[in-house]
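Asker: got a sequence here, can you build the structure:
(one chain, ligands or ions: 1)
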Amino acid sequence: MPLNVLATARLTLRRLTLDDAAFILELVNDPAWLRYIGDRGVRDLASARAYLQRAPLASYEKFGFGMYLVALKADGSATGICGLIQRDTLPDVDIGFAFLRRYWGQGYAVESATAALAEGKEKFGLRRVVAITSPDNDASIRVLAKLGFGFEKMIRVTEDAAETKLFARAL
Ligand SMILES: CC(C)(COP(=O)(O)OP(=O)(O)OC[C@H]1O[C@@H](n2cnc3c(N)ncnc32)[C@H](O)[C@@H]1OP(=O)(O)O)[C@@H](O)C(=O)NCCC(=O)NCCS
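Answerer: Below you'll find the predicted structure:
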């Protein structure tokens with residue numbers, strides 16, 4: 001059994017492994033990921049494994065949390081990723097989510113993020129979580145509103161980055 005399995009009514013959340021490279025390759029090359037999150041330079045299974053190693057796997061090692069794979073309880077299908085991130089560029093832990101397009105609009109982002117936030121509070125003692133989105137990412141902003149996040153301000157995560165909206169929620 002992989003570490004850190006969380007369950008909701010319809011979903012399971014578990015740590016990503018290098019065996020999830022094919023799924024990650026598809027997810028990070030979806031046009032919505034490229035537009036709203038960015039190009040991670042993942043073009044094949046080898047670069048997907050390298051990305052898994054330097055991003056989620058490194059986060060589990062360092063913080064105990066990170067982006068999890070979200071799968072359907074019904075048949076085990078991988079639908080997307082959701083979880084908590086401690087970036088070098090933000091003082092607070094932030095929540096992230098991204099799903100394959102065929103799974104959008106079924107409440108999976110809200111359902112999985114609710115479980116990730118509960119773990120953040122109960123297991124990691126977090127009292128405040130933030131989120132950053134492109135100003136025009138309506139789907140993500142709607143998910144954050146449903147999760148109880150409020151808009152705080154516009155920020156740039158680095159000096160030369162585009163402006164993003166910063167949302168926050170007390171846990
Ligand atoms: C953002 C994203 C994760 C939402 O996932 P999802 O599983 O479709 O979200 P949910 O089904 O939980 O939807 C939550 C609410 O958002 C609404 N919503 C979904 N897509 C929307 C859109 N394009 N515009 C406006 N509202 C939208 C839903 O209708 C729902 O509200 P409702 O219950 O009142 O109808 C998904 O669109 C995605 O993966 N986008 C690409 C990656 C991304 O942008 N991630 C966020 C980076 S900050």
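
Asker: so residue 115, which of the three states?
Answerer: Classification of residue 115 using DSSP: H, G, I helix; E, B strand; the rest coil returns helix.

Asker: what residues are up against it?
Answerer: Residue 115 sits next to 6-8, 11, 13 when contact means CB atoms under 8 Å, 6 or more residues apart in numbering. For glycine as for every other residue, the C-beta is placed from the backbone atoms N, C-alpha and C.

Asker: buried ones among those residues?
Answerer: Using 16 or more other CB atoms under 10 Å as the burial test, the contacts of residue 115 include 6, 8, 11, 13 as buried.

Asker: now the residues you listed as a markdown table including pLDDT and secondary structure?
Answerer: Converted to a markdown table, those look like this (pLDDT from 0 to 100; DSSP: H, G, I helix; E, B strand; the rest coil):
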| residue | pLDDT | secondary structure |
| --- | --- | --- |
| 6 | 95 | strand |
| 8 | 97 | coil |
| 11 | 98 | strand |
| 13 | 98 | strand |
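
Asker: among these, which ones lie close to the ligand?
Answerer: Near the ligand, judged by CB under 6 Å from any ligand atom, there are no entries from these.

Asker: out of these, which comes closest to residue 100?
Answerer: Comparing these against residue 100 with CB to CB places residue 11 closest, at 13.6 Å.

Asker: low-confidence regions, this protein specifically.
Answerer: 1-4 (pLDDT under 70).

Asker: which stretches in it count as strands?
Answerer: 6-7, 11-15, 67-72, 78-85, 94-99, 128-133, 150-155, 164-170 (DSSP state E).

Asker: the ligand contacts on this structure?
Answerer: Counting by CB under 6 Å from any ligand atom, the chain sits next to the ligand at 32-33, 36-37, 80, 97-99, 104-110, 133, 137-140, 142-143, 146.

Asker: please pick the buried ones from the residues you listed.
Answerer: With burial judged by 16+ other CB under 10 Å, the buried subset of those is 32-33, 36-37, 80, 97-99, 108-110, 133, 137, 140, 143.

Asker: tell me the one among these nearest to residue 23.
Answerer: residue 80 (9.2 Å).

Asker: gap between the nearest residue to the closest one once chain neighbours are set aside and residue 154?
Answerer: Nearest residue to residue 80 in three dimensions, chain neighbours excluded: residue 99, at 3.1 Å (CB to CB, 6 or more residues apart in numbering). Computed as CB to CB, to the nearest Å, the residue 99 to residue 154 distance reads 26 Å.
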